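Q: Provided below for reference: sequence and predicted model.
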Amino acid sequence: MSSATAVPITRDLELEGDDALATAREVGLIALLQRSFLRFRYADGFSHSRALAFQFILTLLPALIAVVGLANVLGQQTFTKVLTETVEGIAPGPAGAVLTQAFEQGSEGSGGKALAFGLVAAIVASAGALGQIERGSNRIYGVERDRPAVRKYLVATGLALTAGVASVLAFVIVVFGSEIGDALATEKSWSDVAETAWSVGRWPIGAALVAVAVALLFEVSPRRHQPDPSWLALGSSLSVLLWFSFTGLLALYVSESKQFGETYGPLAGFIGLMLWSFVSALALFLGLAVAAQLEAERAGVHEPGEELTAADQGTE
């Protein structure tokens, strides 16, 4: 087994952006990226990415029920129609039916109950997802213990209500933006100008939401005193860039590959969502690894990981 080496805390040194750039130049970008990837591997980053992707999927369904319940409480039946048409366009057949049934639960009867139960379930599930981000980021920084359980999930809940909401909004705008635009154009009789404005404007809006979410996660998730935000900028920028790259490539693959639809059939929409969740988690943790390794290099810790002996693991 292996473990990422601990990153010494450099916050007290009052390092700023110029110091971060100087360190990156001194190490070399290629060398920094190589060592960062090794740190990611030593911290078992792929396993943490898979776990986070699973947690996100668990959060999605109750969140959708809560959103539809809120729309019902506010009397926004058009919104529910737009959401249903969007899902049917993305995941037709049995896969889409699962989600549209969730919408019906939120629409029928008391929207207040659907909102309350969906919101509570979504917050609990998203707190688990954000707790997984803390676990993964701690291992990347070489921190062996997470925060105490109560504090950990209080922090995770706060992040879920801020960074989590921003991430979901970015996901909806970027990934489902085209389908949402089509549904809105049908329901609201949008003009060509409005359709064009939405098609173009959703990308910078999504980018801004992702950047805010990633910045919050980088600053708060690890159980340590993080350095000046400028020292996290390289890693967080890489996460945003990777997120858009992975999202775009996955969307292109799914839309252009006939084999994908033929292989998964009506489940293609869900499989695509699971793949997107996984690559998004990869983007986040890879960026964190770069931020951690950059700080480690400044502190003189050049080796990103070490092999654990049987004695270290407590085994014979």
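A: The structure has been received and is ready for your questions.

Q: Run through who's touching stretch 121-129.
A: 52, 55-56, 58-59, 62-63, 65-66, 153, 156-157, 160-161, 164 (CB atoms under 8 Å, 6 or more residues apart in numbering). C-beta here means a position set from N, CA and C on the backbone, and glycine is covered the same way.

Q: now the helices for the stretch 101-250 of the chain?
A: Counting by DSSP state H, counting those that start in this stretch, the stretch 101-250 of the chain has helices at residues 111-140, 149-159, 165-175, 177-188, 192-220, 229-256.

Q: among those, which is nearest residue 286?
A: helix 229-256 (6.2 Å; CB to CB).

Q: List the contacts of residue 181.
A: 190, 195, 198, 199, 202.

Q: now do residue 20
A: Residue 20 neighbours (CB under 8 Å, 6+ apart): 230, 231, 233, 234, 294, 298.

Q: and if we set it to 6 Å?
A: Listed by CB atoms under 6 Å, 6 or more residues apart in numbering, the contact set of residue 20 reads 230, 231.

Q: Where does the prediction get shaky in this protein?
A: Residues of the chain meeting the criterion pLDDT under 70: 1-2, 12-17, 68, 70-112, 114, 175-180, 182-188, 251, 254-270, 306-316.

Q: at 80 instead, please
A: 1-3, 11-19, 60-119, 168-169, 171-196, 198-199, 247-273, 305-316 (pLDDT under 80).

Q: pretty sure residue 219 is in contact with residue 225, am I right?
A: No: here residue 219 lies out of contact with residue 225, judged by CB atoms under 6 Å, at a distance of 10.3 Å.

Q: the more surrounded of those two?
A: Neighbour comparison, residue 219 and residue 225: the larger count goes to residue 219, with 15 against 9 (by other CB atoms under 10 Å).

Q: For that one, give its distance to residue 11.
A: Per CB to CB, to the nearest Å, residue 219 is found 11 Å from residue 11.

Q: and if you look at residue 216?
A: Shown here: residue 216 relative to residue 11, a distance of 17 Å by CB to CB.

Q: Comparing these two, which shows the higher neighbour count?
A: More crowded of residue 216 and residue 11, by other CB under 10 Å: residue 216, with 18 against 13.
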